[in-house]
Structures are given as structure tokens and as C-alpha cells.
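Asker: Predicted model, plus sequence, below.
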Amino acid sequence: TRLRQTRLIGAILLVLSVFVAVFFAWPVSGDASFRLAYPGDAFALPNLVVPAAPYAWVVAALLAFFGVRQFLPGATRWTGLLFGLGLLLLVTAFLTWAT
């Protein structure tokens, strides 16, 4: 049923939150630098520098919030959106950890 699917997605988001906190936030230090443009591009954009550990902690907190939200009344309306945002945040946390 739809309620069962919502609760399952909530549990998955909570597990992903713990995963991000343990593997991407806790043992990490330093900054992640993302190059937004090549040196010869028409528009020179500065590098995007993100502190890796604080970003991962914020992502873990957001994933936990999204997961808990799925257990509250009226959550079935937002399940797909919050799951998609959660996966996007997971990917960005991985990229921040990997650089």
C-alpha cells in the first residue's frame, strides 16, 4: 500500500542519514574544491570550495529530517520528492567526500 511504501522510504532515508554521518562526515577533514570552468572558457568562474565535514553533517541532518517526516501524518504526498532530494544530497555528499 501507499502508507507502507512511505514508511519504507522513510526508513531508507534514515539509514542513508546514518551512512552519510559515519562514512562521509565523521572521518573527513579539509575542503572539497569543485572546478566550475576550464582555464580557456569564455566565462571565468571561481572554484567552488566546500568544507567537507560540515557539509556532510548538514546532509546527514537533512536526510534524517526527510526520513522522520515520512513517519508523520500526511507524508504520502511528499514521498517521491523527498526521496529524490535525499538521493541528490547523497550524491553531493559522496562527491564532497571523494574530492
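Answerer: Perfect, thanks for sending it. Residues are numbered from 1 along each chain as shown.

Asker: May I ask you to confirm that residue 46 is in contact with residue 35?
Answerer: No: counting by Cβ atoms under 8 Å, residue 46 does not reach residue 35; the two are 9.4 Å apart. Any C-beta I mention is one placed from the backbone N, CA and C, and that applies to glycine too.

Asker: Looking at the two, which one has more neighbours?
Answerer: residue 35 (11 against 8; other Cβ atoms under 10 Å).

Asker: Look up how far residue 26 lies from the more buried one.
Answerer: Distance from residue 35 to residue 26, counting by Cβ to Cβ, to the nearest Å: 27 Å.

Asker: how long is stretch 40-53 from one end to the other?
Answerer: Stretch 40-53 has its terminal residues 32 Å apart, counting by Cα to Cα, to the nearest Å.

Asker: tell me which residues of that stretch are tucked away?
Answerer: For stretch 40-53, the buried set under the neighbour-count rule, 16 or more other Cβ atoms under 10 Å, comprises 52, 53.

Asker: before we move on, what SS does the residue nearest to residue 96 when sequence neighbours are not counted have?
Answerer: Counting by Cβ to Cβ, 6 or more residues apart in numbering, residue 96 lies nearest to residue 32, which is 4.3 Å off, once chain neighbours are set aside. Three-state secondary structure (criterion: DSSP: H, G, I helix; E, B strand; the rest coil) places residue 32 in strand.

Asker: so how far is the top helix by length along the chain from its chain's centroid?
Answerer: Counting by DSSP state H, the longest helix found in the chain is helix 79-98. With Cα atoms, centre = their mean, to the nearest Å as the basis, helix 79-98 stands 4 Å off its chain's centre.
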